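Peer 1: Any chance you could fold what I've pasted below:
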Amino acid sequence: MPGHRGATHQGAGSQGTGHPQAPQPPAVPPSPPAPQSATAPRSPAAPRPPGAPHYPTAPPPPRADPTGAVPLPPPVAPLAPPVEHGAGTGAATLAVLLIGPAGAGKTTVARHWAQRRRVPTAHISLDDVREWVCSGFADPQSGWNEHSEAQYRLARRTCGFAARNFLANGISCIVDDAVFPDRPVVGLGGWKRHVGPGLLPVVLLPGLEVVLERNAKRSGNRRLSDEEVAAIHGRMAGWYGSGLPIIDNSTYDVETTARVLDDVLARAIASPPSW
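Peer 2: Model (predicted):
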């Protein structure tokens, strides 16, 4: 009979029990994995095969700063022994222009003063920067022309940029140059534009005999003839009466001159010269 066949077929599907199979509950979907926190430990990286080169992950590049400031770590120890005279310039961040004729000792004094300060201080020598030009260097000793003047202007702009970059990072600087009071090309106006209005100029002017003696110990293109030294020294005398501080280091050694320079700069900070 039709009904009997249906029962027999249904019983076969229920493994011969003769009763219909109970409906199975729907499968529960697996729960999604919990998100890992930022501090969760990561699985170790797969080991590199033997002999494979190792390329370290480079840190992200620092964000550019329009002022040229670069974050610097604090010094872990004093960079130089402290200056043992008075308060001096202390920890002030300042820019100094040390002026003087050839043989005045301005480069040596500037370097010594920068090394003896309590805070980081850079020394920038214009002559050194000018001589970065090796091929095609226009030596002013061969005559001042448009090429030597252009290279001087370029060197001064380079020194000014370096000084501003040091100052933007909290590092003082001292630049030495033979600036003439009667020559606009090498005058103070350019230094003031390139470095800034806070530049402190100081003139180092020993006697002519001392300058001639020191110049005689030089070599290469740094040594000038006695006539050139005398002419430059005479023109430098024009700084007297200009209002700029002048140091006669005829009888001073380098250490004493650097100390006098620090005292002069301390007074210039309290009462900046008008120039």
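
Peer 1: residue ranges for the strands of the stretch 151-275 of the chain, please.
Peer 2: 172-177, 200-204, 246-247 (DSSP state E, counting those that start in this stretch).

Peer 1: For the protein, which segments count as helices?
Peer 2: Taking DSSP state H, the helices of the chain run over residues 2-13, 106-116, 126-130, 146-168, 188-195, 208-216, 226-236, 254-270.

Peer 1: most tightly surrounded among the ones you listed?
Peer 2: Mean neighbour count (mean count of other CB atoms under 10 Å) peaks for helix 106-116 among these, with a mean of 20. Heads up, the C-betas are built off the backbone N, CA and C, glycines and all.

Peer 1: tell me the mean pLDDT for that helix?
Peer 2: Taken as a whole, helix 106-116 has a mean pLDDT of 95.

Peer 1: quick one: that helix to strand 172-177, angle?
Peer 2: 170 degrees (axes from the mean of the first three to the mean of the last three CA atoms, to 10 degrees).

Peer 1: ok, back up a step: to Gly88, which of the helices of the chain lies closest?
Peer 2: helix 254-270 (4.2 Å; CB to CB).

Peer 1: helices or strands next to the closest one in the packing?
Peer 2: Helices and strands touching helix 254-270, by 3 or more CB pairs under 8 Å, 6 or more residues apart in numbering; DSSP states H and E, are helix 106-116, strand 200-204, strand 246-247.

Peer 1: Single out the most deeply packed of the strands of the stretch 151-275 of the chain.
Peer 2: Taking mean count of other CB under 10 Å, strand 172-177 is the most buried of the strands of the stretch 151-275 of the chain, at a mean of 26.

Peer 1: Walk me through which strands that one pairs with, and which way each runs.
Peer 2: strand 95-99 (parallel), strand 121-125 (parallel) (DSSP bridges).

Peer 1: what angle sits between the last one and helix 146-168?
Peer 2: Interaxial angle of strand 121-125 relative to helix 146-168 (the same axes, to 10 degrees): 180 degrees.

Peer 1: Hey, what's the angle from strand 121-125 to helix 188-195? Just curious.
Peer 2: Using the same axes, to 10 degrees, strand 121-125 lies at 130 degrees relative to helix 188-195.
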